[in-house]
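Visitor: Below is the structure, and that's it, no one-letter string:
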């Protein structure tokens, strides 16, 4: 009976999570930051953030050796800042200084992240028309939001704001976390060199 009850509870949680996924996919309503935070944690994005941090740590260790401290990091579609927590924690453990800039279209999500100290700079904006100068970031992180690119300028903007040798990092999430051929083609058409394409898309600006 206990096993059956536990399975029913797990099934219920899965159903709730599925409903939340449908809600965000269909309404694009991120007005309730607390609700989105619960959804993100149910998706285990806080744990994913530590994994992303380890990946970024490996990429930027060479930048430190080239005399470029602190590492400038941009995350777009940053939401409530869970990725920032994981990345900054991993870099701090490795004694790598960084400045973490979070960009999102939703000011309330940025306010939520800022109030909790998740990152260093918080900018409201459009990731297809980034409000930044050319070549100022070493790493650009984007997790999710792949379906929100109507202008077709996402990768050209990512390429523009990265410094030479900088990295674009897109962790894959969802039931089939694999980089698509279309995603790779779009990155390469903007000038990126693909260095990893499995459950992460990692591309470098030449």
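Guide: Looks like it arrived, so ask away. On a predicted model such as this, the values are computed, not experimentally measured, just so you know.

Visitor: just checking, residue 136 touches residue 164?
Guide: No: here residue 136 does not reach residue 164: they are 11.8 Å apart, not a contact under C-beta atoms under 8 Å. (C-beta placed from N, C-alpha, C; glycine too.)

Visitor: So if I had to pick from the two, which one is more boxed in?
Guide: Between residue 136 and residue 164, counting by other C-beta atoms under 10 Å, residue 136 is the more crowded of the two (14 against 8).

Visitor: Next up, the contacts around that one.
Guide: By C-beta atoms under 8 Å, 6 or more residues apart in numbering, residue 136 lies in contact with 72, 161, 163.

Visitor: Using CSV, please lay out those together with neighbour count and secondary structure.
Guide: Conversion of those to CSV gives the following (neighbours: other C-beta atoms under 10 Å; DSSP: H, G, I helix; E, B strand; the rest coil):
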residue, neighbour count, secondary structure
72, 22, strand
161, 21, helix
163, 16, strand
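
Visitor: CSV for the residues you listed, including pLDDT and distance to residue 53?
Guide: Output for the contacts of residue 136, formatted as CSV (pLDDT from 0 to 100; distance: C-beta to C-beta, whole Å):
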residue, pLDDT, distance to residue 53
72, 96, 16
161, 98, 21
163, 96, 20
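
Visitor: right, and out of the residues you listed, which lies closest to residue 185?
Guide: residue 161 (20.8 Å; C-beta to C-beta).

Visitor: Go ahead and confirm that closest one touches residue 134.
Guide: Yes: using C-beta under 8 Å, residue 161 is in contact with residue 134, at 6.6 Å.

Visitor: Quick check: bridge partners of the residue nearest to residue 121 when sequence neighbours are not counted?
Guide: Nearest residue to residue 121, sequence neighbours excluded (C-beta to C-beta, 6 or more residues apart in numbering): residue 101, at 4.2 Å. On the basis of DSSP bridges, residue 101 is bridged to residue 74, residue 121.

Visitor: need the contact list for residue 194.
Guide: Counting by C-beta under 8 Å, 6+ apart, residue 194 makes contact with 184, 187, 188, 201, 202, 203.

Visitor: Could you list the low-confidence segments of the protein?
Guide: Along the chain, the model assigns pLDDT under 70 to residues 1-13, 63-68, 144-148, 175.

Visitor: hmm, 90 instead?
Guide: 1-18, 21-22, 24-26, 28, 61-69, 143-152, 172-178, 206 (pLDDT under 90).

Visitor: got the residue ranges for the strands in it?
Guide: In the chain, the strands defined using DSSP state E lie at 71-76, 98-104, 121-124, 137-142, 162-171, 192-197, 200-205.

Visitor: How far off centre is the first one?
Guide: Think strand 71-76. From the chain centre to the centre of strand 71-76 is a distance of 10 Å (C-alpha atoms, centre = their mean, to the nearest Å).
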